[in-house]
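*Asks:* Coordinates only, no sequence provided:
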C-alpha cells in the first residue's frame, strides 16, 4: 500500500522527487506519514483538507480488511 500512496501523491505534486512515504506500525494502529515539499503542502491542506480526507478514507478502508486502524498524516 505504501507504493500506491507514493505513486498517487507523486502524480499530484509539482516536486515528486521530494515525496517520501513511511509507516510506523503499532499493535492495532499503523501511522502512514507522507512528507512533501513545502510548496506542495498547501495542495493537500487547501479546500478544507478535501484531498487528505479522501486519501485517509482510502487508507482506512484498507485497514478494515486487515483489522488494523490506518492513520494518514501529511507533513511538509
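*Replies:* Now that the structure is in, tell me what you want to look at. Everything quoted here is computed from the prediction, not taken from an experiment.

*Asks:* Just give me the neighbour total for residue 32.
*Replies:* If you count neighbours by other CB atoms under 10 Å, residue 32 ends up with 22. All C-beta spots, glycine's among them, are computed from the backbone N, C-alpha and C.

*Asks:* Check which residues of whichever strand or helix holds it are buried.
*Replies:* In the assignment (DSSP states H and E), residue 32 maps to strand 29-35. For strand 29-35, a neighbour-count test (16 or more other CB atoms under 10 Å) marks 30, 32, 34 as buried.

*Asks:* Then stretch 62-76?
*Replies:* For stretch 62-76, the neighbour count (16+ other CB under 10 Å) marks 62-63, 70-72, 74 as buried.

*Asks:* repeat for stretch 32-48
*Replies:* 32, 34, 36, 40, 43-44.

*Asks:* Quick one: list the elements packing against the lowest-mean-pLDDT helix or strand in the chain.
*Replies:* Ranked by mean pLDDT, DSSP states H and E, the weakest helix or strand in the chain is helix 38-66, scoring a mean of 87. Here helix 38-66 touches helix 2-12, strand 29-35, strand 69-75, going by 3 or more CB pairs under 8 Å, 6 or more residues apart in numbering; DSSP states H and E.

*Asks:* Now do the contacts for the closest residue to residue 73 other than its chain neighbours.
*Replies:* Leaving aside its chain neighbours, residue 73 sits nearest to residue 33 (5.2 Å; criterion: CB to CB, 6 or more residues apart in numbering). Applying CB atoms under 8 Å, 6 or more residues apart in numbering to residue 33 gives the contacts 21-24, 73, 75.
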